[in-house]
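*Asks:* Attaching a predicted model along with its sequence, questions to come.
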Amino acid sequence: MPDRINHRPNLPPITQPSTSHTSPTNNTSPTNNTSPTSHTSPTNNTTPTGGITAEMQRTLGLAQANHTSPVLKTWFAPYEDTRKPELALLDEVIAARKADPRTFQEGQNPYKINYAVYNISSQEILEKLAEANRAGVDVQVLIEEDQLDPKKTWNDGDDYLIRNGFEFAPDHKQLTPEERHTADLIGIKNSTLMHLKTRIFEYPDPQTGDLKQTVLTGSMNPGESAVHNDENLMQINDPRVARRYIEMYEAVRDGKEIKNEFDPQSPINVMFTGAPVKDGQSVTRQIFNMIDQEKEAIFLSVFTLRNLTTDSDRQNLVDKLKAAHDRGVPVVVITDKKQSDGVDAQGNRTFSDDQTEDLLQKAGIPTYEALNPSGPFNAMHAKSAIFGLTDMKVITDTGNWTKAALSGRGSRYAQNEESYLFVDSGKLDNNQTGMRYLGNFLNLLRAYAPQNPDQPAAEELINKLSSHPAWPRVNVDFSVMAHTFMGQDVYITGNHPAVGNWTQDGPGLKLNTSPGRYPFWESGGALELPFGAQFEYKIVKREPNGSLQWEAGPNAFLIVDPTDIRSGQGLGNTLLRSDDFTPP
């Protein structure tokens, strides 16, 4: 049985068509509307002109759906608002501190905001950090020392914080243990990179007094331009996992050691790399084990991808992925072109050309190099892997798949401080997180496949992938408010066989009504489609004599992904359209 996950985007209302309007507009497969910036979050979705009226909401009894786990929430840039959740958490701690009249001695303040980030430049976030500091929150920011270089004039967040009273220490190694706890802004100076994106928010619950600990992390730095990258940002509400991030934060700041742990019974595990990690399980070994065990699908979208090895392995990452491909597991890879080819946005050489993507392509694995069109310094900055379809697992967070991050043969420990989150989505939320990442991966594939004409076209590959027997399927419901004459029928038709291929393969998907439901016409879950399919469509009224009355205006657009908001999905159970057709 397919998942009963349906859609109701906020789409333009139907308007009275002209008498000459007898065919769909733009009735071919979408071309320019599949980039990450082409689809935006719906607005005004309760007004009559927004496509879903308040009457329709009341009549159908639909409520907004939540497709995220309370333990782990994920947002994807650039088409989701990744700034809002971070500002909301900052505001939460500030408001809680302002409501508490107590004063605290140094080191005893339970209201804390701790950032360990590669860099920071978002003015909104900087202003909130300064506000929190003034409000009496214990704020501390750790930044990679290399990013504090005055020559990097674009990184001036540290200057803003210093101007707003933050006590600054450029080198954590020069601080006493006490100073490491009291300094507000600390440069982490090592021979390698502090590449974390950890934001920790702590405060006592006003009702219970229990300490609330929330972590934000992901590929996304709190920077101005990051919102235009392909990124993810995650909110973690699991106390055990949050505590592990806090331990790593303290280990980086205080020069302590931390041991990696992995509990196969837990739906969420985090593992770290870098100087503090001196024992425990290897991240690379865990990744290789997952590749070796996978039987259904492997999809990688990784900013910097290198041919990893471990000390004990005679095989490398390419060998592992090729072996999976050879045993019939679909493997698809997306990586950033500037990182794989060692060039800038203009194609100028910046470092040596890595061969990993070439080796993967030679092995027959579809591999796409992505050049983010938003600007010369923007990137396909995702760091995620999806394993499986029936029981989906995700690896994601800050770390690239490089030897500096994950070590290589001859190097016992990885060098950069990174975090890698392992999510068993089947256990966590019945694959909802996995479906979120799969939908985002398909979005990246559609955005960047045209840049790689030597690789399979996106729709060709997605159609092939979706034929897998374990590929998730979705029941799509349509509900249309349509005023009709006796004998008229209402259909959905579009450029997909399931809806008639613009009436070339039949009239389309017939909607039904009844005296108690009119003027609502509904499909009743009659349309079952593969997850991730996309098509254009229109509403059509069919007269008793067979003539058609087409919906006016541009074609509507549907992505069969219940968690996607780019064409208005991710909002509930039924795809609704309102209708301005009225009898003459």
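*Replies:* Received it, and whenever you're ready, just let me know what you need.
*Asks:* contacts and neighbour counts: CA atoms only from here.
*Replies:* Noted.
*Asks:* got a list of what F201 touches?
*Replies:* 89-90, 93, 112-114, 212-215 (CA atoms under 8 Å, 6 or more residues apart in numbering).
*Asks:* Including neighbour count, could those residues go into a markdown table?
*Replies:* A markdown table is the format used below for the contacts of F201 (neighbours: other CA atoms under 10 Å):
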| residue | neighbour count |
| --- | --- |
| L89 | 20 |
| L90 | 20 |
| V93 | 22 |
| K112 | 23 |
| I113 | 24 |
| N114 | 21 |
| K212 | 17 |
| Q213 | 21 |
| T214 | 22 |
| V215 | 26 |
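*Asks:* What about the residues you listed, which are in strands?
*Replies:* 112-114, 212-215 (DSSP state E).
*Asks:* pretty sure R97 is touching V137, no?
*Replies:* Yes: applying CA atoms under 8 Å, one finds R97 in contact with V137, separated by 6.5 Å.
*Asks:* Touching both of those two, which residues are there?
*Replies:* Y111.
*Asks:* Out of the contacts of F201, which comes closest to E522?
*Replies:* Set against E522, the nearest of the contacts of F201 by CA to CA is L89 (40.5 Å).
*Asks:* ranges for the helices of the stretch 301-450 of the chain?
*Replies:* In the stretch 301-450 of the chain, the helices defined using DSSP state H, counting those that start in this stretch lie at 317-326, 337-341, 356-362, 403-406, 425-429, 432-448.
*Asks:* weakest of the ones you listed by average pLDDT?
*Replies:* Lowest mean pLDDT within the helices of the stretch 301-450 of the chain: helix 403-406, at a mean of 86.
*Asks:* quick one: contacts of that helix?
*Replies:* 273-274, 283-284, 306, 308, 399, 413-418.
*Asks:* who touches the closest residue to K337 other than its chain neighbours in this structure?
*Replies:* In space, and not counting its chain neighbours, K337 is closest to E369: 4.5 Å by CA to CA, 6 or more residues apart in numbering. Contacts for E369 (CA under 8 Å, 6+ apart) come out as 334-337, 340, 448, 451-452.
*Asks:* Next, count neighbours for S266.
*Replies:* The number of residues packed near S266 is 12, by other CA atoms under 10 Å.
*Asks:* Secondary structure element holding it?
*Replies:* S266 belongs to no helix or strand when assigned by DSSP states H and E.
*Asks:* How about the one 4 residues further on?
*Replies:* Mapping V270 onto the secondary structure by DSSP H and E places it in strand 268-273.
*Asks:* cool, F288 as well?
*Replies:* In this assignment (DSSP H and E), F288 forms part of helix 283-293.
*Asks:* what's the answer for N232, then?
*Replies:* Using DSSP H and E, N232 falls within strand 231-236.
*Asks:* Give the other helices and strands that that strand contacts.
*Replies:* strand 72-77, strand 211-218 (3 or more CA pairs under 8 Å, 6 or more residues apart in numbering; DSSP states H and E).
*Asks:* Check which helices and strands the next helix or strand after it sits against.
*Replies:* Beyond strand 231-236 on the C-terminal side, the first helix or strand identified by DSSP H and E is helix 239-254. Judged by 3+ CA pairs under 8 Å, 6+ apart, the packing partners of helix 239-254 are helix 177-182, strand 197-204, strand 211-218, strand 258-260, strand 268-273.
*Asks:* Can I get these in TSV including distance to T563 and mean pLDDT?
*Replies:* Formatted as TSV, these follow (distance: least, CA to CA, whole Å; pLDDT from 0 to 100):
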stretch	distance to T563	mean pLDDT
helix 177-182	41	95
strand 197-204	25	98
strand 211-218	19	97
strand 258-260	33	94
strand 268-273	21	96
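*Asks:* which of these is buried the deepest?
*Replies:* strand 268-273 (a mean of 24; mean count of other CA atoms under 10 Å).
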